[in-house]
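S.K.: just need the structure, nothing else, for what follows:
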Amino acid sequence: MADGPLSGVRIADFTWVWAGPYCTLQLAHMGADVIRIETATRPCVTRMLPPWPEGKPAGLDSSGYYNQYNQGKRSLALNFSKPGALDLAKRLVAKSDVVANNFAHGVMDRLGLGYEELKKIKPDIIMISLSGYGDTGPYKDYVAYGPAQVPLCGLSALTGYIGGPPMHAGYSYADPNAGVHGAFAILAALYHRELTGEGQYMDMSQWECAMAVLPEGIMEYTMNGREPQRIGNRDPYMAPHGIFRCMDRAEKVMGVTVDQFVAIAVSDDAAWRRLAAAIGRPGLGNDPKFATLAARKANEDELESIIEAWSVNQRAPEVARILQEAGVAAFVVADNKYLSEEDEHLKARDYFVNLPHPVVGVKQHCGIPWKMSATPVKVRCAAPTLGQHTNEVLSEVLGLSEAEIATLRASGALE
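M.R.: Below is the predicted model:
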């Protein structure tokens, strides 16, 4: 495998859907040999989800969703209903440093792959379970999906417009957030093992990970005994702070007119004066109705109308450029065409990757959001097709002969 800070580390990846694969994706980006254990009998949900090339489903290997979150990994396809598959999984664990899963509490134990069993195979194994609610507590057996955890963690209570109901965050925030937390925990456990020789089991709750990055509501209640009010795109300590309409995108996308907006955040009175000058209204900088944060908050509706009257007649990138040059935090509310094709900064940093995939060909994917000077990292390959590396893993990692692999395949243990 290619070099990287985790080169030489092997992950036996029993994860699926989003949180778990996103966790192991970070490790693959850092050079770990991540081997996903899959089955065609019950394939990963994401193999069956859009987007698909040209909008047409084309089997289990064409999902853009799956192919994004499994770049740089290998796929070993086993059928656990057949003799021999469980033994192969255990033999892989014996050759691995970390075992990762995000099944519900107890699933790995029922498969015969719980931590106590795996310790017998490899005493210093590191295992992480990224379950929805953890291995203890009255919710441990509850069904968990990201869209339900967004309201449960308190994010929805903070999201919405003044006087309106709680709102969803727009995507399953808890899933990738848990993945990042899980990757961090694995790195800490690997460091601990390097120092002590000890492996360990990590019981992680996706719900608690989401709560950990939402202190505003919880601390407001525990410290002051009150619930924060939903305030839309506004902020308690900045004004103006919000999303402002600009001219529509010049060209239609697939025949549809695309709205364009710019996000603006003014942190203090000096920034407000710079914004006022930038929009050609320098007198507003010291106007008693807007000169201070308290004044701007008291007149926020009028304030936002003034800014939007200026922005609505211009293109969003131009609005952002003018304000940034004035030292005001502003940027395009990016649509996906803008991100994928137009943003010069992302192009300059070579963020996107275009690697050949055996089924869908070369498609653009999001890459690695960090760069390392001593241990360069890169996306090594596109996501695997289901079982693409079964023979390779069994021969190179487990040392099986061609005859042994053929016997296992004939028995149905391999898919």
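
S.K.: quick check, pLDDT for Val253.
M.R.: pLDDT recorded at Val253 is 87.

S.K.: got the phi and psi for it?
M.R.: Torsion angles at Val253 (phi, psi; degrees, to the nearest 10) stand at phi -110, psi 110.

S.K.: how about it, what does it touch?
M.R.: Counting by CB atoms under 8 Å, 6 or more residues apart in numbering, Val253 makes contact with 335, 337. To be clear about C-beta, it is placed using only N, CA and C from the backbone, and glycine gets the same treatment.

S.K.: and it, bridged to which residues?
M.R.: Beta-bridge partners for Val253, by DSSP bridges, are Val256.

S.K.: and it, how far from Gln364?
M.R.: To Gln364, Val253 is 16 Å away according to CB to CB, to the nearest Å.

S.K.: can you check Val256 too?
M.R.: Shown here: Val256 relative to Gln364, a distance of 21 Å by CB to CB.

S.K.: who's more crowded, these two?
M.R.: Between Val256 and Gln364, counted using other CB atoms under 10 Å, Gln364 has the larger neighbour count: 12 against 7.

S.K.: and the helices in the stretch 51-200 of the chain?
M.R.: In the stretch 51-200 of the chain, the helices defined using DSSP state H, counting those that start in this stretch lie at 64-69, 85-94, 107-110, 115-121, 146-152, 155-158, 174-196.

S.K.: among those helices, which comes closest to Glu318?
M.R.: Set against Glu318 and scored by CB to CB, the helices of the stretch 51-200 of the chain come closest in helix 64-69, at 31.3 Å.

S.K.: let me know the average pLDDT across that closest one.
M.R.: Regarding helix 64-69, the rounded mean pLDDT is 97.

S.K.: would you mind finding the most buried of the helices of the stretch 51-200 of the chain?
M.R.: Greatest average neighbour count among those goes to helix 64-69 (a mean of 22), per mean count of other CB atoms under 10 Å.

S.K.: with just CA atoms, put it into PDB.
M.R.: Output in PDB follows, covering the C-alpha atoms of helix 64-69 (Å, rounded to 0.1, in the frame of the first residue of the first chain):
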ATOM      1  CA  GLY A  64     -21.800   7.900  -5.900                       C
ATOM      2  CA  TYR A  65     -22.700   7.900  -2.200                       C
ATOM      3  CA  TYR A  66     -20.900   4.600  -1.600                       C
ATOM      4  CA  ASN A  67     -18.000   5.500  -3.900                       C
ATOM      5  CA  GLN A  68     -17.300   8.800  -2.100                       C
ATOM      6  CA  TYR A  69     -17.000   7.300   1.400                       C
END
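
S.K.: residues touching that helix, excluding its own?
M.R.: 18, 21-22, 25, 44, 46-47, 49-53, 357, 360, 363, 365-366, 382-383.

S.K.: rewinding a little: can you tell me which of the helices of the stretch 51-200 of the chain comes nearest to Arg10?
M.R.: Closest to Arg10 of those is helix 85-94 (CB to CB; 8.4 Å).

S.K.: pull out the buried residues from the contacts of helix 64-69.
M.R.: Neighbour-count burial (16 or more other CB atoms under 10 Å) applied to the contacts of helix 64-69 gives 18, 21-22, 25, 44, 46-47, 52-53, 357, 360, 363, 365, 382-383.

S.K.: report the two of those residues separated the most.
M.R.: Using CB to CB, the buried ones among the contacts of helix 64-69 span at most 22.0 Å, a distance reached by Tyr22 and Pro53.

S.K.: quick check: which element contains the closest residue in space to Gly285 that isn't next to it in sequence?
M.R.: Of all residues not flanking Gly285 in the chain, Arg273 sits nearest, at 3.5 Å (CB to CB, 6 or more residues apart in numbering). Here Arg273 sits within helix 269-278, counting by DSSP states H and E.

S.K.: what is that helix packed up against?
M.R.: Applying 3 or more CB pairs under 8 Å, 6 or more residues apart in numbering; DSSP states H and E, we find helix 269-278 packed against helix 316-325.

S.K.: for His105, see how far away Pro138 is.
M.R.: 12 Å.

S.K.: who's more crowded, these two?
M.R.: A count of neighbours by other CB under 10 Å puts His105 above the other of Pro138 and His105, at 21 against 7.

S.K.: tell me which residue is most central in this protein.
M.R.: Ranked by distance to the mean C-alpha position of the chain (CA atoms, centre = their mean), the top residue is Pro176 at 3.3 Å.

S.K.: I figured that one hits Tyr22, correct?
M.R.: Yes - applying CB atoms under 8 Å, one finds Pro176 in contact with Tyr22, separated by 4.8 Å.
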